[in-house]
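> Sequence plus the predicted model coming up.
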Amino acid sequence: MVIKKTAICGMGALGAMYGSRIADAGGDVRFVMDGAHFARESALPHFINGARRELPIMLGRESTPCDLVIVAVKSPALGSALDVIEPSVGEKTVIMSVLNGITSEETIAARYGAEHMIYTVAQGTDAVMLDGALRFSTVGELRIGARSARQEENLDAVSDFLGRVGIPFVREADIMRRMWGKFMFNVGLNQSCMVYETNYGGCADSSGEPYMIMVAAMREVIAVAKCEGIGIGEETLSEYVRMLGGLTPDAMPSMRQDRIMRRPSEVEMFSGTVAALAKKHGITVPVNEYLYRRIKEIESGY
């Protein structure tokens with residue numbers, strides 16, 4: 001299978017960044033969305049690193065089956081996104097999710113079938129999208145993997161495609177370990193940036209409270225992961241802390257942007273998931289419980 005036609009659901013930082021890279025490489029790409037998002041995005045000018053861009057947008061219901069569908073929405077919008085992409089999903093369509101967390105692939109597979117999936121982690125980018133303006137200095141990379149022989153075929157097709165359009169990627173032999181590592185990082189970094197109203201530089205300062213809370217939250221994820229049979233540990237934590245040091249200091253993750261824009265965050269997917277799994281295994285996660293309460297307080301004040 002050769003991937004030629006791509007649909008992207010979600011025009012946030014990751015969706016717009018990947019879509020623009022595909023378009024720049026001469027790829028056939030369209031952004032699919034529901035009526036409300038189409039009306040909003042049609043009225044907005046779009047900028048990428050300061051340059052005005054015309055991005056190909058269309059109503060999801062007007063799309064046709066594509067070779068690849070990239071789901072790039074925030075987790076609260078995943079349910080509606082599954083409706084939007086339906087016309088874009090054909091018998092042989094490959095679906096990849098660049099959502100944070102460890103559950104979106106299973107949710108998508110429950111609707112469309114695991115045979116359509118590959119597993120994906122987006123990491124290392126400092127992309128920020130505010131009011132239709134995307135800025136980033138590094139694309140980062142996609143870590144991709146498969147959990148079945150059928151998905152290995154999808155993985156080969158996506159690997160070929162990403163190489164052709166110039167999106168950096170690494171094939172992972174143990175994709176679940178990588179997904180949990182990124183989940184650990186997001187749980188610590190994204191929530192700390194939101195609660196402390198800081199950026200990557202603020203969380204990277206090892207003398208500050210945001211750093212200490214970030215690392216403590218990450219260690220609680222390690223404890224939960226071990227109960228789930230996932231082998232991440234201090235070496236994984238150190239890897240991601242080093243990655244943080246390489247990001248643009250004044251950039252920020254999506255949850256910090258959520259607080260600025262006064263919109264619901266992905267707290268349920270982060271500390272909410274950690275707390276639920278901790279309860280399942282009979283362990284305590286006080287830092288994540290604190291972050292959950294604090295973020296809920298922030299959102300209730302919008």
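That came through fine.

> contacts, neighbours, all on C-alpha from now
Will do.

> Grab the longest strand from this protein for me.
Across the chain, the longest stretch assigned as strand under DSSP state E is strand 89-97.

> outside of that strand, which residues touch it?
When contacts are defined by C-alpha atoms under 8 Å, 6 or more residues apart in numbering, strand 89-97 is touched by residues 64-72, 104-105, 116-120, 154.

> Keeping just the C-alphas, turn it into PDB.
What follows is strand 89-97, C-alpha atoms only, in PDB (Å, rounded to 0.1, in the frame of the first residue of the first chain):
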ATOM      1  CA  VAL A  89     -12.300   6.000   6.400                       C
ATOM      2  CA  GLY A  90     -12.400   3.300   3.800                       C
ATOM      3  CA  GLU A  91     -11.600  -0.400   3.800                       C
ATOM      4  CA  LYS A  92      -7.800   0.000   3.700                       C
ATOM      5  CA  THR A  93      -7.500   3.400   5.500                       C
ATOM      6  CA  VAL A  94      -4.700   3.600   8.100                       C
ATOM      7  CA  ILE A  95      -5.600   5.700  11.200                       C
ATOM      8  CA  MET A  96      -3.000   7.200  13.500                       C
ATOM      9  CA  SER A  97      -3.700   9.300  16.600                       C
END
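
> Report the buried residues of whichever helix or strand comes after that strand.
Counting by DSSP states H and E, the next helix or strand C-terminal to strand 89-97 is helix 104-112. Within helix 104-112, the residues that count as buried by 16 or more other C-alpha atoms under 10 Å are 104-105, 108, 112.

> can I get the residues you listed in JSON lines with distance to Thr125 and pLDDT?
Below are these laid out as JSON lines (distance: C-alpha to C-alpha, whole Å; pLDDT from 0 to 100):
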{"residue": "Ser104", "distance to Thr125": "20", "pLDDT": "94"}
{"residue": "Glu105", "distance to Thr125": "21", "pLDDT": "95"}
{"residue": "Ile108", "distance to Thr125": "24", "pLDDT": "98"}
{"residue": "Tyr112", "distance to Thr125": "29", "pLDDT": "98"}
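
> tell me the contacts of Pro76?
With C-alpha under 8 Å, 6+ apart, Pro76 has these contacts: Glu266.

> Next up, phi/psi of it, please.
phi -60, psi -20 (degrees, to the nearest 10).

> okay, and the helix or strand of the chain with the least pLDDT?
strand 128-130 (a mean of 84; mean pLDDT, DSSP states H and E).

> could you point out which element follows that strand?
Downstream of strand 128-130, the first helix or strand assigned by DSSP H and E is strand 133-135.

> list the buried ones in the helix or strand that that next one is followed by?
Later in the chain than strand 133-135, the nearest helix or strand by DSSP H and E is strand 141-145. For strand 141-145, the neighbour count (16+ other C-alpha under 10 Å) marks 142-145 as buried.

> And strand 141-145, how far out from the chain middle?
The chain centroid and the centroid of strand 141-145 are separated by 12 Å under C-alpha atoms, centre = their mean, to the nearest Å.

> tell me which element Glu197 is part of?
Applying DSSP H and E, one finds Glu197 in no helix or strand.

> picking up where we left off before, just the buried subset of the contacts of strand 89-97, please.
Using 16+ other C-alpha under 10 Å, the buried ones in the contacts of strand 89-97 are 65-72, 104-105, 116-120, 154.

> For Ala278, state which of those residues is nearest.
Among the buried ones among the contacts of strand 89-97, Ser104 lies closest to Ala278 (C-alpha to C-alpha), at 19.6 Å.

> After the host helix or strand of Asn154, which helix or strand is next?
Asn154 is part of helix 149-165 when elements are defined by DSSP H and E. With elements assigned by DSSP H and E, the helix or strand that comes after helix 149-165 is strand 169-171.

> List the buried residues of that following strand.
Phe169.

> same thing with stretch 257-264?
Quick answer for stretch 257-264 (16+ other C-alpha under 10 Å): 257-259, 264.

> Gly15 - how many residues pack around it?
Neighbourhood size, Gly15 [other C-alpha atoms under 10 Å]: 19.

> Which helix or strand contains it?
Going by DSSP H and E, Gly15 is in helix 13-24.
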